[in-house]
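Enquirer: with the input below, show me the fold.
(4 chains)
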Number of protein chains: 2
Amino acid sequence: METTTPAPMSGRKAQAARNDQTILQAARAVFVADPGAPIAAVAERAGVGISALYRRYASKEILLRKLCSDGLKIYIAEAEAALADERDPWSVFADFMRRIVDADTHSLTLNLAGTFAPDEDLFRESEYAESLAVRVFERARDAGVLRPGLEVSDLSMVFEQLAAVHLVDEERTVEMRHRYLELILDGLHLTSAEPLPGPPPTPEEIGRRWIVT
Amino acid sequence: METTTPAPMSGRKAQAARNDQTILQAARAVFVADPGAPIAAVAERAGVGISALYRRYASKEILLRKLCSDGLKIYIAEAEAALADERDPWSVFADFMRRIVDADTHSLTLNLAGTFAPDEDLFRESEYAESLAVRVFERARDAGVLRPGLEVSDLSMVFEQLAAVHLVDEERTVEMRHRYLELILDGLHLTSAEPLPGPPPTPEEIGRRWIVT
DNA sequence: TAACCTACGGAACAAAATATTCCGTTCTAG
DNA sequence: CTAGAACGGAATATTTTGTTCCGTAGGTTA
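Expert: So this is what the prediction gives:
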């Protein structure tokens, strides 16, 4: 459970605890790259056998839910941090965006939408996360630092667009996302600009994609 | 082959000619929604039997190449139109972007990258398309209407990002893409703004994704 | 009209992929 | 020294899917 201390490097239990981490990281990397990847690919990437996976997660679906849930937890944490941030509204908002893009929470929610049945808990977490996002957004909007006509739902779409930025090298991918996030932030910040064309996506439009087919 | 005239509505040949169209449209729609979709899904969507597909395309891979090739042809046509456009540089550039986004040529090149072996011809077409894009881009840049530090390769990434905008309803998807394209265009047009952070993607980084694994 | 041929629908087939189970092995704690 | 946790990875059962095949209908030609 401790990621900080290398812990008594030896010992079966330490090994296992380290695997907990390794497996989750591997799963994340693999499923972000290819949402339909076989579970064997995760094991290989983690450098462990398949049974090491099944010992921890009874099924692929459960593993996917875990990954999603973790992503949401990060999102929630960042949103709460933003709400507690006392600096000027635009900096707070922009940094929130940057952190979410860095955390890459949307590569999962985007790619995995519809590939597994959303848990009841997941649903609640998701709703809570959304409610926080609303508050973060409204703080910026009420402070008058956002382009007129924007809605919270625009944020989701922006995150999804940035999650689509994918190069082979992971580090470069992160760099590129920052590059285009700055571009988009400039557009979002243009308080004197024209409102964007077309109505923003409705929450319903955004949520419908989670329906399992 | 003629899409304009409904042609002698009846007649086996007319029927077949119409199927040529229907099948391509269906294939496009299906594979854009799900790059790994089975060929049977295309047949179903087109409302024809499987053999109607195999009569025209000897394999799935050939069909995919055809779709990609068609997309590139559109891209090329739009780029050539832009180069022939005499209006002010920014309008020409912005309209080029809008048309490409509308044509949705990148949903295919993006989603299908790596799922089939690029043909020799496809390769040539692709290179020609890219060379045109360079000229369109440089005309705008040389006219001084672009934010400093931008490169042609940034266009590819922008198109890919916009191709990631996907709602259930197709019409709304188009609307949304326009919405965020305007946002991005504003960012691209900010000639006095800071250059974007990080080096732009290299052609090599963008091309590497086509390697079949 | 009759033979013929093209385009087609869709079942049947074979191959590939993949989630999950199972069993023998290794390593550690006590 | 031994019981058992943790593991590696082959084997299994199932599903998915590309492709082939065959019987039929509609149109065409002689």
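
Enquirer: can you name the residues of chain A sitting close to chain B?
Expert: A:36, A:110, A:154, A:157-158, A:160-169, A:172, A:175-176, A:178-180, A:182-184, A:186-188, A:190, A:193-194, A:196-201, A:205-206, A:208-209 (C-beta under 8 Å from any C-beta of the partner chain). Just so you know, the C-beta spots here come from the backbone N, C-alpha and C atoms, and that holds for glycine as well.

Enquirer: just the buried members of those residues?
Expert: Neighbour counting by 16 or more other C-beta atoms under 10 Å in any protein chain shown classes A:110, A:154, A:157-158, A:160-167, A:172, A:175-176, A:178-180, A:182-184, A:186-188, A:190, A:193, A:196, A:198, A:200-201, A:205-206 among those as buried.

Enquirer: which of these fall in helices?
Expert: Those of those mapping onto helices are A:110, A:154, A:157-158, A:160-163, A:172, A:175-176, A:178-180, A:182-184, A:186-188, A:205-206, per DSSP state H.

Enquirer: chain A - how does it break down into domains?
Expert: Using automatic domain parsing, the domain ranges for chain A come out as A:1-56, A:67-210.

Enquirer: and these: which comes nearest DNA strand D?
Expert: Closest to DNA strand D of these is domain A:1-56 (C-beta to the nearest atom of the strand; 2.7 Å).

Enquirer: state the mean pLDDT of that closest one.
Expert: Average pLDDT, domain A:1-56: 82.

Enquirer: what does stretch A:79-99 give?
Expert: pLDDT averaged over stretch A:79-99 gives 98.

Enquirer: also stretch A:66-75?
Expert: So the average pLDDT for stretch A:66-75 ends up being 95.

Enquirer: got the contact list for it?
Expert: A:24, A:27-28, A:31, A:57, A:100, A:103, A:105-106, A:108-109, A:112, A:119, A:121-122, A:125-126, A:129, A:133 (C-beta atoms under 8 Å, 6 or more residues apart in numbering or on different chains).

Enquirer: ditto for stretch A:194-203
Expert: A:130, A:147-151, A:153-154, A:156-157, B:167, B:172, B:175-176, B:178-180, B:182-183.

Enquirer: wait, does the longest helix along chain A contact DNA strand D?
Expert: In chain A, ranked by residue count with DSSP H as the criterion, the top helix is helix A:60-84. No - Helix A:60-84 lies out of reach of DNA strand D by C-beta under 7 Å from any atom of the strand, never closer than 13.1 Å.

Enquirer: follow-up on the earlier one: quick one: buried ones out of the contacts of stretch A:66-75?
Expert: Members of the contacts of stretch A:66-75 classed as buried by 16+ other C-beta under 10 Å are A:24, A:27-28, A:31, A:57, A:100, A:105-106, A:108-109, A:112, A:119, A:122, A:125-126, A:129, A:133.

Enquirer: how about stretch A:30-40 as PDB, C-alpha atoms only?
Expert: The C-alpha coordinates for stretch A:30-40 follow below in PDB (Å, rounded to 0.1, in the frame of the first residue of the first chain):
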ATOM      1  CA  VAL A  30      -2.500  -0.800 -21.500                       C
ATOM      2  CA  PHE A  31      -6.200   0.200 -21.400                       C
ATOM      3  CA  VAL A  32      -5.500   3.800 -22.100                       C
ATOM      4  CA  ALA A  33      -3.600   2.700 -25.200                       C
ATOM      5  CA  ASP A  34      -6.200   0.200 -26.200                       C
ATOM      6  CA  PRO A  35      -9.500  -0.100 -24.400                       C
ATOM      7  CA  GLY A  36     -10.200  -3.500 -25.700                       C
ATOM      8  CA  ALA A  37      -6.800  -5.000 -24.900                       C
ATOM      9  CA  PRO A  38      -6.800  -8.500 -23.500                       C
ATOM     10  CA  ILE A  39      -6.100  -9.100 -19.900                       C
ATOM     11  CA  ALA A  40      -3.000 -11.000 -20.800                       C
END
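
Enquirer: tell me which residues of that stretch are tucked away?
Expert: A:Val30, A:Phe31, A:Val32, A:Pro35, A:Ala37, A:Ile39.

Enquirer: ok so, going back, buried stuff in the longest helix of chain A?
Expert: Buried, per 16+ other C-beta under 10 Å, within helix A:60-84: A:60, A:63-68, A:71-72, A:74-76, A:78-79, A:82.
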